[in-house]
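J.: coordinates only, sequence not included:
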């Protein structure tokens, strides 16, 4: 016969765990909503920058404006920005993106690595891969984070210290599916700025178109990195929400089985007690 006391203890333990996973699920739901709102707000600014750069390249009479930002030099060092979370309990979120990062980075000896999130920095240290710069607290990304790394990348790129920069993060499609991707930040692709304007006249810029572009491109890269950070944050909270939802559902299933087992054990205990009473009464007669 199953021990009723042990079953009750297991029910209490699982029920306590279920309360935690349910609370974490609800917290993740609210964080997904907040991160998505921040992403949507940044998207408006980001699209305005793309429009401004597109207009300048198309109507600014500057064929070679910002040419350095559009040229790839494979002989120079490559910078990799790897985005993970500070915490676990998010299903395969960290595992998938870090595996992709390791696969790509391990093939490149001339590299610079920047990590966002403790999980990424700890992963590379365990694999004896040096990290050049670390950022934590990625659960709440700010424009300050994005601006800091964007201006570092632009400075290194203009000086020729790096020839290209990539960001490796978890992307989320419209259907809610998640997959790790590697996206090139610099050099820029001119096809990213192919939005045609309604007018066709040449625009006059003061200062020169090249100087304006030198100001716009770092802003664009800042917006791009901030968008990636926000997108990765949405993916992280979404993954944690799904993981906690699954954990809560599993806890419910275990509780149903344990309650059934408890009722059977209790019924068995009552039946045995009745049999002992009846047996005792028979012996007395």
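T.: Structure's in. What do you need? Since we're looking at a predicted model, the values are computed, not measured.

J.: and for residue 112, nearest residue in space, chain neighbours not counted?
T.: Once flanking residues are discounted, residue 112 sits nearest to residue 79: 4.4 Å by CB to CB, 6 or more residues apart in numbering. In short, each C-beta sits where N, CA and C put it, glycine included.

J.: who touches the helix or strand harbouring the one you found?
T.: Using DSSP states H and E, residue 79 sits in strand 77-83. Contact with strand 77-83 is made by 97-98, 101, 104-105, 108, 110-117, 120, 124, 138, 149, 153, 156, 161-170, 185, 225, 228-229, 232, as judged by CB atoms under 8 Å, 6 or more residues apart in numbering.

J.: so what are the sheet partners of that strand and their directions?
T.: strand 111-116 (parallel), strand 162-172 (parallel) (DSSP bridges).

J.: reformat these as CSV; add mean neighbour count, mean pLDDT and distance to residue 276.
T.: Shown next, in CSV, are the strands paired with strand 77-83 (neighbours: other CB atoms under 10 Å; pLDDT from 0 to 100; distance: least, CB to CB, whole Å):
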stretch, mean neighbour count, mean pLDDT, distance to residue 276
strand 111-116, 23, 90, 67
strand 162-172, 22, 87, 62
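
J.: of these, which approaches residue 5 most closely?
T.: Closest approach to residue 5 among these is made by strand 162-172 (45.0 Å; CB to CB).

J.: picking up where we left off before, how about the residue nearest to residue 112: which residues does it bridge to?
T.: Bridge pairing for residue 79 - DSSP bridges - gives residue 112, residue 165.

J.: possible to save the strands paired with strand 77-83 as CSV with distance to residue 251?
T.: Formatted as CSV, the strands paired with strand 77-83 follow (distance: least, CB to CB, whole Å):
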stretch, distance to residue 251
strand 111-116, 32
strand 162-172, 26
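
J.: of all those strands, which one is nearest residue 271?
T.: The nearest among the strands paired with strand 77-83, by CB to CB, is strand 162-172 at 55.1 Å.

J.: next one: the closest one to chain centre, how far?
T.: Remark: strand 162-172 is offset 13 Å from the chain centroid, using CA atoms, centre = their mean, to the nearest Å.
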